[in-house]
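J.: quick one: sequence plus predicted model below, questions after.
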2 protein chains.
Amino acid sequence: MTRIAVGERRALLVRAALRVIAETGVSGASTRAIVAEAGMSLASFHYAFRSHDEMMRELVAHVVEAESRVAFAALRPGDDIRAMLREALHAFLGYVVADPEHERVMQELVQYCLRTPGMQSLAREQYDSYYRAVSELLVEGATAAGISWTVPLADLARLVVTTTDGVTLAYLVDRDAAAATRVLDRAADNLAALAVPLAAVLAPARSVAALAVPSTGSVRS
Amino acid sequence: MTRIAVGERRALLVRAALRVIAETGVSGASTRAIVAEAGMSLASFHYAFRSHDEMMRELVAHVVEAESRVAFAALRPGDDIRAMLREALHAFLGYVVADPEHERVMQELVQYCLRTPGMQSLAREQYDSYYRAVSELLVEGATAAGISWTVPLADLARLVVTTTDGVTLAYLVDRDAAAATRVLDRAADNLAALAVPLAAVLAPARSVAALAVPSTGSVRS
DNA sequence: AAGTAAGTGGGACAACTGTCCCAGACGATC
DNA sequence: GATCGTCTGGGACAGTTGTCCCACTTACTT
């Protein structure tokens, strides 16, 4: 029909592919299904992309980029670190509940990358970007609430991502938002327990006990 | 070649299918790939199973049954609840590290059930059996350690499964066993903090503070 | 020993997959 | 207005998929 620039066509195809994946899974995202969804012809697909594989790579890259930009953006700073964590995690859950299919697609794409030769690095990048985003969030939250973390930031970020991943998976299975909320609240409590007021750090003589790290395991990465 | 009873043939095919899935993913588990792995002919497949779909259902059912039987069996009772949780979670991680592909297959099968019409219930059953197994474990551990949980058992079980799921996923992505161990240790600490000595329950006057539930959210399911 | 049911092998089917090619139509440049 | 590179549509390809069918062999029953 109308002429479309290659770049835009690639973007359109990627978006169409994401829609198809949401409906029928990665295995259902054939070139024909994608071009049908996008309202194009097969030739247009192979004009825009060298191969189906190349398209999937671009799709994953696009998704990672978009995800790490939006995922944990809803942070409202405050002086109560527990309330802040709670709110952030609730925001995340709200995101999942609002569009569960999207989250299912994300998880399926991770699996896809893990099992596709030459794509494992993409999965790792995806998680690295998650860890980075959460780390930033935790630092911002800490300064806003005037606290300091008693655990290495990397471990903390991993703990958060682990929790959100697990909660997401469980929600996708039984769609029990109430139970998911309860788990997240518990997680927020546990995370908040790993924070210590900055005052205690500046004047350690006042409350040494508060700095006693509850863990007995290894702490450094 | 030799004659095999239908029942056994079904089991052989399911095992072969699991091997194929471990290598090439669910999408690669075609009837031909499966019978090739099992060393049979196509006709044998459709003699044992009405369809590929029926075989997948039996595979998932088999896997759920086997998983819930083995998964959390390595519990060594003791009087220190935290050490016990730690040991159990480490045992789980050891299981994952020893055979990551198996765990990857499990997660992929969950995704497969979630996206396949008429199979969502299987995913739910899978998780129900997990929750049941973990609940039993938590009860046994509590009696062995002489403690009581300050949180509904169902929430606790969900929290544990959420954690193990998340840790597994993260491990599958970056294969960082040390980081996974640290997260699990942290989780064990957090779980142990939700326990209270039975003595305190029997004689509440002695330490009322210990019973003060740290959560402020909803508690009942 | 004959008959019957259970199990086996190979070939065929239609539908689908990713990829490619070629005849054409469009837009801008000379 | 002719020309050239950019883009489009339809058709074709070889390969794979799930399923089915029919001739065949084996084991057990009577």
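T.: Right, received. Where do you want to start?
J.: host element of the residue nearest to residue A:155 when sequence neighbours are not counted?
T.: Distances taken as Cβ to Cβ, 6 or more residues apart in numbering or on different chains put residue B:182 closest to residue A:155, at 5.2 Å, once the chain neighbours are dropped. C-beta: built from backbone N, CA, C; applies to glycine. Here residue B:182, judged by DSSP states H and E, is contained in helix B:177-192.
J.: touching the next helix or strand after that helix from outside, list them.
T.: Next helix or strand after helix B:177-192 toward the C-terminus (DSSP H and E): strand B:195-197. Outside strand B:195-197, the residues within contact range by Cβ atoms under 8 Å, 6 or more residues apart in numbering or on different chains are B:81, B:142, B:145-150, B:210-211.
J.: roughly how far apart are residue A:83 and residue A:145?
T.: Separation of residue A:83 from residue A:145 (Cβ to Cβ, to the nearest Å) stands at 9 Å.
J.: make that residue A:24, sorry
T.: Noted for residue A:24: a distance of 45 Å to residue A:145, by Cβ to Cβ.
J.: those two: who's more crowded?
T.: The neighbour comparison of residue A:24 against residue A:145 (other Cβ atoms under 10 Å in any protein chain shown) goes to residue A:145, with 21 against 14.
J.: hang on, that one packs against residue A:76?
T.: No - applying Cβ atoms under 8 Å as the test, residue A:145 and residue A:76 come out as separate, 11.5 Å apart.
J.: now for these two: what residues contact both?
T.: Taking Cβ under 8 Å, 6+ apart as the criterion, residue A:145 and residue A:76 both touch residue A:84.
J.: could you pull out the buried residues of the helix holding residue B:182?
T.: Of all the residues in helix B:177-192, those buried under the rule 16 or more other Cβ atoms under 10 Å in any protein chain shown are B:179-192.
J.: re the thing from before, what about the residue nearest to residue A:155, distance to DNA strand C?
T.: The gap separating residue B:182 from DNA strand C is 41 Å, by Cβ to the nearest atom of the strand, to the nearest Å.
J.: check the gap between that residue and residue A:163 for me.
T.: Separation of residue B:182 from residue A:163 (Cβ to Cβ): 14 Å.
J.: same question, residue A:83
T.: For residue A:83 relative to residue A:163 (Cβ to Cβ), the value is 17 Å.
J.: what of residue A:132?
T.: Distance from residue A:132 to residue A:163, by Cβ to Cβ: 17 Å.
J.: the more surrounded of those two?
T.: Taking neighbours as other Cβ under 10 Å, residue A:132 and residue A:163 compare with residue A:163 leading, 27 against 12.
J.: could you measure from the spatially most central residue of chain A over to residue A:184?
T.: In chain A, the C-alpha nearest the mean C-alpha coordinate belongs to residue A:130, at 5.2 Å (Cα atoms, centre = their mean). Counting by Cβ to Cβ, the gap from residue A:130 to residue A:184 is 16 Å.
J.: ok, residue A:161 next?
T.: The gap separating residue A:161 from residue A:184 is 13 Å, by Cβ to Cβ.
J.: give the burial count for residue A:176, as a bare number.
T.: Neighbour number of residue A:176 under other Cβ under 10 Å is 14.
J.: now do the same contact list for it.
T.: Counted by Cβ under 8 Å, 6+ apart, residue A:176 has contacts residue A:170.
J.: for it, phi and psi?
T.: phi -100, psi 90 (degrees, to the nearest 10).
J.: now swap in residue A:151 and tell me
T.: Dihedral pair for residue A:151: phi -130, psi 140, per degrees, to the nearest 10.
J.: that one against residue A:193, yeah?
T.: No - counting by Cβ under 8 Å, residue A:151 stays clear of residue A:193, with 10.2 Å between them.
J.: strands of chain A, start to end?
T.: Here chain A has its strands, by DSSP state E, at A:147-149, A:195-197.
J.: look up how far DNA strand C lies from whatever residue of chain A ends up closest to DNA strand D.
T.: Residue of chain A nearest DNA strand D, by Cβ to the nearest atom of the strand: residue A:43 (3.1 Å). Applying Cβ to the nearest atom of the strand, the value for residue A:43 to DNA strand C is 4 Å.
J.: next one: residue A:134
T.: For residue A:134, the distance to DNA strand C - Cβ to the nearest atom of the strand - is 34 Å.
J.: mind listing what the nearest residue to that residue once chain neighbours are set aside touches?
T.: Nearest non-adjacent residue to residue A:134, counting by Cβ to Cβ, 6+ apart: residue A:157, 4.3 Å away. Contacts for residue A:157 (Cβ under 8 Å, 6+ apart) come out as A:130-132, A:134-135, A:138.
J.: what pLDDT does residue A:157 get?
T.: Per-residue pLDDT puts residue A:157 at 95.
J.: also residue A:212?
T.: Listed pLDDT for residue A:212 reads 45.
J.: next one: residue A:72
T.: Note on residue A:72: pLDDT of 58.
J.: mind checking the longest helix of chain A?
T.: If you go by DSSP state H, chain A has its longest helix at helix A:120-145.
J.: doesn't residue A:198 make contact with residue A:146?
T.: Yes - using Cβ under 8 Å, residue A:146 is in contact with residue A:198, at 4.8 Å.
J.: mind checking the backbone torsions on residue A:78?
T.: Dihedral pair for residue A:78: phi -170, psi -180, per degrees, to the nearest 10.
J.: that one contacts residue A:84, correct?
T.: Yes - assessed by Cβ under 8 Å, residue A:78 is found in contact with residue A:84 at 5.2 Å.
J.: higher neighbour count, these two?
T.: Using other Cβ under 10 Å as the criterion, residue A:78 and residue A:84 rank with residue A:84 on top: 24 against 13.
J.: could you pull out the helices for chain A?
T.: Taking DSSP H to define them, one finds helices in chain A at A:6-24, A:31-38, A:42-48, A:52-70, A:81-98, A:100-115, A:120-145, A:153-174, A:177-192, A:198-202.
J.: tell me which of the ones you listed is the most buried.
T.: Each of the helices of chain A was assessed for mean neighbour count using mean count of other Cβ atoms under 10 Å in any protein chain shown. The highest is helix A:153-174, with a mean of 23.
J.: okay, the angle between that helix and helix A:120-145?
T.: 110 degrees (axes from the mean of the first three to the mean of the last three Cα atoms, to 10 degrees).
J.: contacting residues for the nearest residue to residue A:111 once chain neighbours are set aside?
T.: Spatial nearest neighbour of residue A:111, chain neighbours left out: residue B:108 (5.3 Å); criterion: Cβ to Cβ, 6+ apart. Residue B:108 makes contacts with A:111, A:115, B:21, B:25-26, as judged by Cβ under 8 Å, 6+ apart.
J.: let's see it at 7 Å
T.: Residue B:108 makes contact with A:111, B:25-26, according to Cβ atoms under 7 Å, 6 or more residues apart in numbering or on different chains.
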